[in-house]
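Peer 1: Got a predicted structure here, sequence first:
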Amino acid sequence: MTEDAVPGPDPAAAAVAAAYDHLSDASHDGFTPFDRALDGLSGEVAVRKPAGSPYSPAEVLAHMLFWQQRHLAILDGAPPVPVATAAVGWPSASAADWDGMVEKYQAGLARYRAVVAKPAAVARPVREGSSVSAATSTMSMFIHDAHHLGQIILLRRMLGAWPPPGGGDTW
């Protein structure tokens, strides 16, 4: 950087913040945010598996929550804990678990927002000795969750539980 250059916002931090906004804000065209994807979905319906589906909406959310909580712990400085099998990342979920899972996931989104608001936090390595930045790792989690939100919407459609009570597009 030259002496007369003015440092601007970190592009990685800005990209992560924009991705977070897309995941959590209904004002963006073409993307259904978390709150809307789960709006009006009861625990009783969320635990049902459509014919031929390996998972219920509740199991997909349990999977998202499993990885979200692990990732947030790593961002907080905890060492990553190996996962023995892919099945471990797909915990079971009951109707009684549903509201608590939704609240815990929303709280995790709020924690992400606090992280992405600090450019220095997302620019650092995700853990000591890693070449992957916290920004890249967090973007990966947002992509992961956007993918699974789409699955939840599809499962809701298959269960006859879409669109949400607020109405709207059915993609």
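Peer 2: Received the coordinates, thanks. No experiment lies behind these values; they were computed from the predicted model shown.
Peer 1: all contacts plus neighbour counts: C-alpha atoms, from now on.
Peer 2: OK.
Peer 1: ranges for the helices of the chain?
Peer 2: 11-24, 34-38, 43-46, 57-75, 98-116, 119-123, 134-158 (DSSP state H).
Peer 1: So for Arg48, what's the pLDDT?
Peer 2: pLDDT for Arg48: 98.
Peer 1: what's the burial count for it?
Peer 2: 19 (other CA atoms under 10 Å).
Peer 1: May I have the residues that are in contact with it?
Peer 2: By CA atoms under 8 Å, 6 or more residues apart in numbering, the residues touching Arg48 are Ser56, Pro57, Leu159.
Peer 1: mind checking how far the residue nearest the centre of the chain is from Ala62?
Peer 2: Residue closest to the average C-alpha location in the chain (CA atoms, centre = their mean): Asp145, at 3.8 Å. To Ala62, Asp145 is 11 Å away according to CA to CA, to the nearest Å.
Peer 1: what's the answer for Pro125, then?
Peer 2: Counting by CA to CA, the gap from Pro125 to Ala62 is 27 Å.
Peer 1: tally of neighbours for Thr32?
Peer 2: 24.
Peer 1: pLDDT value on it, please?
Peer 2: Model confidence at Thr32 (pLDDT) stands at 82.
Peer 1: Noted, bye for now.
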